[in-house]
Structure formats: C-alpha cells, structure tokens
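Participant: Could you look at this predicted model? Sequence included:
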Number of protein chains: 2
Amino acid sequence: MTNSKETDIRVAEIFGPTIQGEGVLIGLPTVFVRTGGCDYRCSWCDSLHAVDPEYRDQWLAMSTDAVWTKILELSGNTPVTVSLSGGNPAIQPFGDLIRRGRGAGYRFALETQGSVSKDWFAELDVLVLSPKPPSSGMETDWAAFDTCLHKAQGKPETVLKIVVFDETDYAYAKEAAARYPLLPVYLQPGNHTPPPADDDGAAVDQDGLMEKMLWLVDKVTQDRWFEARVLPQLHVLLWGNKRGV
Amino acid sequence: MTNSKETDIRVAEIFGPTIQGEGVLIGLPTVFVRTGGCDYRCSWCDSLHAVDPEYRDQWLAMSTDAVWTKILELSGNTPVTVSLSGGNPAIQPFGDLIRRGRGAGYRFALETQGSVSKDWFAELDVLVLSPKPPSSGMETDWAAFDTCLHKAQGKPETVLKIVVFDETDYAYAKEAAARYPLLPVYLQPGNHTPPPADDDGAAVDQDGLMEKMLWLVDKVTQDRWFEARVLPQLHVLLWGNKRGV
C-alpha cells in the first residue's frame, strides 16, 4: 500500500466470474472487485480481510487501468456485470472505471452501507444500499444515506438490502423500508459464523443459517410484509465461507 | 370433479403465503394456486399430484369466487403476489380471478410451459414461460409458444425459465434464449429426486442438487453466458419435497 496515488483503487481481491449470491442480482454471473478499507466495523462483518487495517498489507493500490485490465481478463472481454463491494467501495475513486466499463458494455453494481456518497453513483446500473442494523454495533447516519440517493439522481436501479439477525434488526428493517417506500427491499438472514480475516476455510453453521432463514420467512409472512423479499446468501449455502467463488 | 362448470378452476392446492422459491420472483412472499391437469407429462415432473389424472379426485372444481375468498383468507386481505402454477395453469379460466384480484391491488404471476395461450395473459403482472428441455421427454411447439408472447402483448414482465439436467438441456436452453433475445433467462438445475405423487415426504438428494447447481454455474460462467441467471429451487433447499410451504 505504499506510493499509492489518489486515483488508485485499493483492492482486496478481484475474482469471478461467479454468480452473485445475494440480493437483487442473485444468480447473475458477476466479476467482483472487493476493495480494502471501511469506515464501519460491523460486529459480524463477513469480509474482515477487506476491512481490518491489520490486513492492509494484503491490499493492492491499483490504477483504473490495472483494474480494468483484470476485469477484461477474467471476463474474456465479454461484457459482464461487475460488483463493486468491500469494505466500503464508496470511499474509492471508481468514476473512471465505471465510465470506461460501461462504454464497453459492462454493467456496474455498487453495494454500500450508505455512509459515503459520490457523484459517480449516478453512473451505476445498480445501487444496493445496505444500511446496517443495530446488531452491527453501527449507527446509521440517515442524512448521509439520503445524500447517496440524492447523488444517484434516480438513475441506477436502487434497492435496500438489510441483514437481519434478530427482532431488533427486523424492527429497524421495517423502519428503513417505511422511510423509503419506493425502494424495493431485500432481507437477508445474518451469518453468525462469519470467517475470521485470516481463515476463509472456517466452518459455516449451515443448519443454523437455514433456521435463521426459516425464522425470517415466517416473520415476514406472518407480519404480512408482502413487498419484502427474503433471500439467503446463496454463495454461503454453496461454498461456505470460501473466498473467490 | 363432478358437476364442474366451464368457469370453474380445477385446483390441486392453494397455500401460502410463503416465499417464491424459483426464478424471477425468488424470495417474494406469495400465495400459490396450483391447478390440476396438464397437457404435458414431463419425465421428471415435481408436481405429479397436480398432473397425473389418477389424482384428479383430489382436485377441487372451485368457482372464481371460492378461489378469491381463499386467497383473501390466506393473505389476511393484504395485497400479495399470487402465483398461478400447476400442472399447466394456462388451461384454466383465470381471467375473472386476475381482474378481480388486480382491482384489489393483488399481483398475478403465471408459470406455464407455453403450449396453451389465453387472452388473459395480457392482464398478468408476470409471465414465466418455461419451455421444457429434451430430458422432459416433451417436444416444444414453438408456434404455440410464440402465440403466448403474442397474447401477452408485451404487457406483463415476461421471462424464460429453463430447467437444465444435462448438456443436451443446456444446448436447448441456449437455443431458446437465442430465439428470444429480449427475454431475461433464468436457468434452474433439475431435481432428479422429485416426490412421487402420493408422498411429499420423499427424501431429496440435497448433495446431488448442490452438485448440479455448481455444475450449471461452472457451465454458464465458462461459456461466458453472462446474461443468464442461475438459481436453485430455494424451497427444495429449505423444505425438501414437502408441500404447502
């Protein structure tokens, strides 16, 4: 991470194509650019290797050129959806990459908690805003969140994705959804067995995840919240905590 | 099934709300109206209790009124998405139900193989056309399929969903997608352990299903078919072959 320029993108990993495992693009072949660094530190973060500064020596400062070349290589020059994730990818300078990629027919989706906004949000194809519920230990700055929507200018397809671990998180999700009645809502049961930053082979409690999923389905249907979609992390069901798939 | 009128709907089961397990509406709370009777007899049918005439004495001839009352009861009078499935629901008289339900804010999705078309297709919110690949033992009548699209008049959100068991099915899926380049494509690994018509407790080969899913993901990504979504039957992962969930 030495000698990085302001235009460099801090990259924890670039991988794919594999299918998107979550939310509105679930099942869609995707190349993932996972950036390093985050302004949040969620208690249950499942991408600590891209968040904890202790791992910053594993992050690469890459130019837009270098990231784009890697995307072309992974996709065999065939336009694909690129997911910008993290960490918080909103703190990176992605404007040039998005313009370049879209010019070549690629699509860009960003997933962010909504704490930091950029003008290039308006150039995305999909904006996934994922405010963090109380169980994360983080507090949502709704003014900052509103600015994300403002910067997006209604141009990308924009959705809410909220992780739910418990009743308190569920109540938060309902409030967030009520605050933005025009945004489609995706609920996702939390992974209570996230991988430690240095061990992507750590076991996942698949039975526990299934139980949480069933609990959330019951919750939503009994509550008659019929607009909310409930989806598991499909990649965790398929591959556990393994990275790069 | 005696004394049924032309306006009656042959119903195998009505259940929900639970989440949609497949395709474009995956994860969305849904009430399911599964109709009895089918013009196809796919070798791997996973809803034989709604297809095999041997079970027709378990189907109810219900009036639109009766079906609508049941939907209202299950949904607690709260507008929800209703999935019309089967069997082949396209052979039933659903026009009045759809008009009545949509007037009350309900949404209607139809899933059909595309062999039979109706004028009321244009009144649906979502039309899932699921042509059956060679492994089914059925032959696709593409002229009949085209008529489904014609009757829909471009009004509902229309998608292709294709079950894939093997390489031959995969080739068929690619041809079908090429034939309708404007329709989003959802690929679904086939369940090689479907329930017998009289035993919804029959075990599912979950490991085998996972393997098929991984095979299909590899296939699509190596083939750079980046527009196709690959989704498992989520309800089978969650509940096995059990009915009514």
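Facilitator: Ah, there it is. Numbers count the residues shown, from 1 in each chain, chains lettered A, B, ... in the order given.

Participant: Helix or strand next in line after the longest helix along chain A, which one?
Facilitator: In chain A, with assignment by DSSP state H, the single longest helix is helix A:206-222. Later in the chain than helix A:206-222, the nearest helix or strand by DSSP states H and E is strand A:229-230.

Participant: mean confidence score for that following strand?
Facilitator: Averaging pLDDT along strand A:229-230 gives 98.

Participant: What is it packed up against?
Facilitator: Strand A:229-230 makes packing contacts with strand A:185-189, helix A:206-222 when contacts are defined by 3 or more C-beta pairs under 8 Å, 6 or more residues apart in numbering or on different chains; DSSP states H and E. In short, each C-beta sits where N, CA and C put it, glycine included.

Participant: and chain A, which of its residues are near chain B?
Facilitator: A:16-19, A:26-29, A:75-76, A:78-81, A:186, A:210, A:213-214, A:217, A:220-221, A:224-226, A:228-232, A:234, A:237-238 (C-beta under 8 Å from any C-beta of the partner chain).

Participant: ChimeraX command for the buried members of those?
Facilitator: Buried residues among those (16 or more other C-beta atoms under 10 Å in any protein chain shown), as a ChimeraX selection:
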select /A:16,17,18,19,26,27,28,29,75,80,81,186,210,213,217,220,221,225,226,228,229,230,231,232,234,237,238
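
Participant: can you list the residues that contact the longest helix of chain A?
Facilitator: Around helix A:206-222, the neighbours that count as contacts under C-beta atoms under 8 Å, 6 or more residues apart in numbering or on different chains are A:164-165, A:170, A:187, A:189-193, A:228, A:230, A:232-233, A:236-237, A:240, B:16-19, B:29, B:237-238.

Participant: tell me the mean pLDDT for that helix?
Facilitator: Averaging pLDDT along helix A:206-222 yields 95.

Participant: from the chain's centre, how far out does that helix sit?
Facilitator: Between the centre of helix A:206-222 and the centre of its chain there are 21 Å (C-alpha atoms, centre = their mean, to the nearest Å).

Participant: about what we covered before: with distance to B:Trp44 as added columns, please give the helices and strands packed on strand A:229-230 in CSV.
Facilitator: Shown next, in CSV, are the helices and strands packed on strand A:229-230 (distance: least, C-beta to C-beta, whole Å):
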stretch, distance to B:Trp44
strand A:185-189, 30
helix A:206-222, 25
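
Participant: So which residues of chain A form helices?
Facilitator: According to DSSP H, the helices that chain A contains are A:64-75, A:95-103, A:142-152, A:167-179, A:206-222, A:234-239.

Participant: So which of those helices is the most surrounded?
Facilitator: Ranked by mean neighbour count, these are led by helix A:234-239 with a mean of 20 (mean count of other C-beta atoms under 10 Å in any protein chain shown).

Participant: For that one, enumerate the helices and strands it packs against.
Facilitator: With contacts taken as 3+ C-beta pairs under 8 Å, 6+ apart, helix A:234-239 sits against strand A:9-19, helix A:206-222, helix B:206-222.

Participant: got JSON lines for these, with distance to A:Ser135 too?
Facilitator: Output for the helices and strands packed on helix A:234-239, formatted as JSON lines (distance: least, C-beta to C-beta, whole Å):
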{"stretch": "strand A:9-19", "distance to A:Ser135": "24"}
{"stretch": "helix A:206-222", "distance to A:Ser135": "12"}
{"stretch": "helix B:206-222", "distance to A:Ser135": "29"}
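
Participant: Looking at the ones you listed, spot the one closest to A:Glu139.
Facilitator: Counting by C-beta to C-beta, A:Glu139 lies closest to helix A:206-222 out of the helices and strands packed on helix A:234-239; the figure is 23.0 Å.

Participant: Give me the angle between the closest one and helix B:64-75.
Facilitator: 120 degrees (axes from the mean of the first three to the mean of the last three C-alpha atoms, to 10 degrees).

Participant: could you dump helix A:206-222 to CSV, C-alpha only?
Facilitator: Provided in CSV are the C-alpha atoms of helix A:206-222 (Å, rounded to 0.1, in the frame of the first residue of the first chain):
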residue,chain,number,x,y,z
GLN,A,206,-25.3,-24.2,7.7
ASP,A,207,-28.1,-25.7,9.8
GLY,A,208,-28.1,-22.5,11.9
LEU,A,209,-28.3,-20.4,8.7
MET,A,210,-31.2,-22.4,7.4
GLU,A,211,-33.0,-21.9,10.7
LYS,A,212,-32.5,-18.2,10.6
MET,A,213,-33.8,-18.1,7.0
LEU,A,214,-36.9,-20.0,8.1
TRP,A,215,-37.4,-17.7,11.0
LEU,A,216,-37.2,-14.7,8.7
VAL,A,217,-39.6,-16.2,6.2
ASP,A,218,-42.1,-16.8,9.0
LYS,A,219,-41.6,-13.3,10.4
VAL,A,220,-42.3,-11.6,7.1
THR,A,221,-45.2,-13.7,6.1
GLN,A,222,-46.9,-13.6,9.5
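
Participant: so how far is B:Glu211 from the nearest residue to A:Gly244 once chain neighbours are set aside?
Facilitator: In this structure, A:Gly244 finds its nearest non-sequential neighbour in A:Phe15, 4.3 Å apart by C-beta to C-beta, 6 or more residues apart in numbering or on different chains. A:Phe15 sits 22 Å away from B:Glu211, going by C-beta to C-beta, to the nearest Å.

Participant: just to revisit the earlier point, ok, so what distance separates the residue nearest to A:Gly244 from B:Phe226?
Facilitator: To B:Phe226, A:Phe15 is 15 Å away according to C-beta to C-beta.

Participant: burial of A:Phe165, as a residue count?
Facilitator: By other C-beta atoms under 10 Å in any protein chain shown, 19 other residues sit near A:Phe165.

Participant: looking at it, it is touching A:Ser135, isn't it?
Facilitator: Yes. The pair A:Phe165 and A:Ser135 qualifies as a contact (C-beta atoms under 8 Å) at a distance of 4.3 Å.
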